[in-house]
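J.: Okay, predicted coordinates and the sequence, questions at the end:
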Amino acid sequence: MDKLITLWEGSGLYNLQLGQAVMMVVALVLLYLAIYKKFEPLLLVPIGFGGILANIPEAGLAISALDQAIDVARPALLEQIGDALGVALDPAAGLEAWREALKVVAHDAAPEAARAARDIAVAAGYSNGVLYNFYSVAIGSGIAPLVIFMGVGAMTDFGPLLANPRTLFLGAAAQFGIFATLFGAVLLTSMGVMDFSLNQAAAIGIIGGADGPTSIYVSSVLAPELLGAIAVAAYAYMALVPLIQPPIMRLLTTDKERKIAMTQLRPVSKLEKIVFPIILLLLVAMFLPDAAPLLGMFCFGNLMRECGVVERLADTAQNALINIVTIVLGLSVGSKLMAESFLAFETLGILGLGIVAFGIGTAAGVLMAKLMNLVSKMPINPLIGAAGVSAVPMAARVANKVGLESNPHNFLLMHAMGPNVAGVIGSAVAAGVMIKYLG
């Protein structure tokens with residue numbers, strides 16, 4: 001009987017907490033949106049499944065060996081860990097108080113003390129969870145978002161941007177949402193509504209670029225504690241582009257403006273496509289070295305695509321490699337959907353600020369196109385300004401769809417790809433600016 005009681009007390013059902021159950025439901029909702037609604041399935045499926053794994057009680061799949069030891073170890077081992085961390089544990093405080101005190105100190109401990117405590121946990125038989133290892137390799141090192149950016153570069157055609165360089169301004173204008181949200185988060189903090197540091201505000205603001213890898217990269221550098229909420233918000237809003245953008249686009253444009261037909265794009269030579277990523281990288285990196293990692297991988301992927309002599313590498317970058325990294329990245333992000341870190345009032349603030357950032361970015365792109373029409377002899381359909389957010393190619397498709405509603409013969413897809421690609425560049429540059437001043 002005692003063995004049965006021990007088995008039951010060590011089961012997931014016995015140890016399941018309300019927060020973990022809620023997060024499992026959230027993860028199931030993400031899976032529903034991905035599988036049934038087809039919302040960003042390539043990311044939301046692994047993120048949702050990772051969220052389920054991270055919240056299985058007693059499994060410890062998303063935490064380190066040290067955290068596992070602190071959660072379940074006996075008092076004798078906790079005392080050893082406390083000695084390594086320099087924490088005096090009060091015998092009268094109780095076991096749960098010991099665990100809470102050690103958790104707080106362990107996350108902010110000096111590297112030498114943390115290493116000593118980790119060695120004690122490993123020697124006692126505890127090991128890092130598989131999702132924790134995925135996160136350490138893929139996101140903790142910063143490699144996964146960069147590899148995905150390389151794959152995106154290998155799938156990107158700069159032709160529409162080179163054929164109509166004016167659209168670069170539309171991509172730049174759409175990044176206004178990033179900085180507007182940064183100031184908004186700071187304002188809410190100063191008013192006492194939220195409690196975000198400047199680094200956290202910057203990481204939240206980057207959601208406005210509608211670029212998942214960039215959001216993950218910036219948050220992993222500036223605010224890793226918010227990574228789960230920021231990643232989910234970024235990819236959720238990217239998936240909801242067809243729902244979020246059209247009302248804003250229609251509100252800010254007249255029917256006459258939506259009917260504007262744009263002239264055929266000029267042919268772009270192969271030499272232009274080869275030289276452009278090299279010149280782009282050199283120009284940006286010389287002025288803003290902190291943008292070099294993201295933009296460098298993006299330009300390298302595009303160069304492999306356009307140079308025509310490394311087809312195998314280009315094919316691997318845009319297919320097998322990006323798919324493998326996407327699986328690991330999704331599971332790693334899902335590991336951050338743990339109840340204790342995700343179920344907080346700040347998470348609602350992140351989701352709210354994220355959609356504000358996205359809306360402001362969309363509006364800024366549309367308004368920039370209207371402004372350019374005042375000084376340009378060649379009219380621009382303002383709808384393509386909304387594609388300045390870097391949700392490639394979804395935002396361009398949405399601009400084309402809304403345009404066809406007003407003029408069934410007006411195909412804007414290739415025109416919208418110009419600001420769409422410019423938005424990818426703009427979000428990478430904005431990320432570099434944030435990291436430069438706050439990293």
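T.: Noted; the coordinates are in hand. Numbering: from 1, shown residues only.

J.: Please tell me how far stretch 299-311 is from the chain's geometric centre.
T.: Going by C-alpha atoms, centre = their mean, to the nearest Å, the spacing between the C-alpha centre of stretch 299-311 and its chain's C-alpha centre is 25 Å.

J.: Only C-alpha atoms, please: export it in CSV.
T.: Listed next in CSV are the C-alpha coordinates belonging to stretch 299-311 (Å, rounded to 0.1, in the frame of the first residue of the first chain):
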residue,chain,number,x,y,z
CYS,A,299,22.1,38.7,-47.0
PHE,A,300,24.2,35.6,-47.1
GLY,A,301,21.1,33.4,-47.7
ASN,A,302,20.0,35.7,-50.5
LEU,A,303,23.5,35.7,-52.1
MET,A,304,23.4,31.9,-52.2
ARG,A,305,20.1,32.1,-54.0
GLU,A,306,21.1,34.7,-56.5
CYS,A,307,24.7,33.8,-57.4
GLY,A,308,23.7,30.6,-59.1
VAL,A,309,26.8,28.5,-58.2
VAL,A,310,25.7,27.0,-54.9
GLU,A,311,22.3,25.6,-55.7
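
J.: Quick check: mean pLDDT of that stretch?
T.: Predicted confidence along stretch 299-311 averages 96 (mean pLDDT).

J.: Could you identify the longest helix within this protein?
T.: helix 345-375 (DSSP state H).

J.: Buried ones in that one, by neighbour count?
T.: Burial within helix 345-375, assessed by neighbour count using 16 or more other C-beta atoms under 10 Å, is assigned to 346-347, 349-351, 353-369, 372-373. In short, each C-beta sits where N, CA and C put it, glycine included.

J.: next structured bit after that helix?
T.: Beyond helix 345-375 on the C-terminal side, the first helix or strand identified by DSSP states H and E is helix 394-406.

J.: returning to that earlier point: what is the longest helix of the chain packed up against?
T.: Packing partners of helix 345-375 (3 or more C-beta pairs under 8 Å, 6 or more residues apart in numbering; DSSP states H and E): helix 167-173, helix 176-190, helix 198-205, helix 227-239, helix 241-252.

J.: In the stretch 201-350 of the chain, where is pLDDT below threshold?
T.: In the prediction, the stretch 201-350 of the chain carries no residues with pLDDT under 70.

J.: got the residue ranges for the strands in the chain?
T.: Using DSSP state E, no strands are assigned anywhere in the chain.

J.: now the helices and strands packed on helix 345-375 in TSV, with distance to Val268 and mean neighbour count?
T.: Output for the helices and strands packed on helix 345-375, formatted as TSV (distance: least, C-beta to C-beta, whole Å; neighbours: other C-beta atoms under 10 Å):
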stretch	distance to Val268	mean neighbour count
helix 167-173	13	24
helix 176-190	28	20
helix 198-205	33	26
helix 227-239	27	26
helix 241-252	26	18
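
J.: how about those helices, which one is nearest Pro289?
T.: The stretch from the helices and strands packed on helix 345-375 with the least distance to Pro289 (C-beta to C-beta) is helix 198-205; that distance is 17.8 Å.

J.: Tell me what angle the closest one forms with helix 227-239.
T.: Between the axes of helix 198-205 and helix 227-239, defined by axes from the mean of the first three to the mean of the last three C-alpha atoms, to 10 degrees, the angle is 20 degrees.

J.: what comes into contact with helix 198-205?
T.: Counting by C-beta atoms under 8 Å, 6 or more residues apart in numbering, the neighbours of helix 198-205 from elsewhere in the structure are 177-182, 185-186, 189, 196, 215, 218-219, 222-223, 225-226, 230, 349-350, 353-354, 357, 434, 438.

J.: Run the chain-centre distance for it.
T.: 13 Å.

J.: what do you get for stretch 339-356?
T.: Here stretch 339-356 shows a centroid-to-chain-centroid distance of 14 Å under the convention C-alpha atoms, centre = their mean.

J.: then it to PDB, C-alphas only?
T.: Output for stretch 339-356, consisting of C-alpha atoms alone and laid out as PDB, is shown next (Å, rounded to 0.1, in the frame of the first residue of the first chain):
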ATOM      1  CA  ALA A 339       2.800  28.600 -15.800                       C
ATOM      2  CA  GLU A 340       5.000  30.500 -13.300                       C
ATOM      3  CA  SER A 341       6.500  32.800 -16.000                       C
ATOM      4  CA  PHE A 342       3.600  33.100 -18.500                       C
ATOM      5  CA  LEU A 343       0.500  33.500 -16.300                       C
ATOM      6  CA  ALA A 344       1.200  37.100 -15.200                       C
ATOM      7  CA  PHE A 345      -0.500  40.400 -15.700                       C
ATOM      8  CA  GLU A 346       2.600  41.500 -17.700                       C
ATOM      9  CA  THR A 347       1.700  38.900 -20.300                       C
ATOM     10  CA  LEU A 348      -1.600  40.600 -21.000                       C
ATOM     11  CA  GLY A 349       0.300  43.800 -21.400                       C
ATOM     12  CA  ILE A 350       2.700  42.200 -23.900                       C
ATOM     13  CA  LEU A 351      -0.200  40.900 -26.000                       C
ATOM     14  CA  GLY A 352      -2.000  44.200 -25.900                       C
ATOM     15  CA  LEU A 353       1.100  46.300 -26.700                       C
ATOM     16  CA  GLY A 354       2.000  43.800 -29.400                       C
ATOM     17  CA  ILE A 355      -1.200  44.300 -31.300                       C
ATOM     18  CA  VAL A 356      -0.900  48.100 -30.900                       C
END
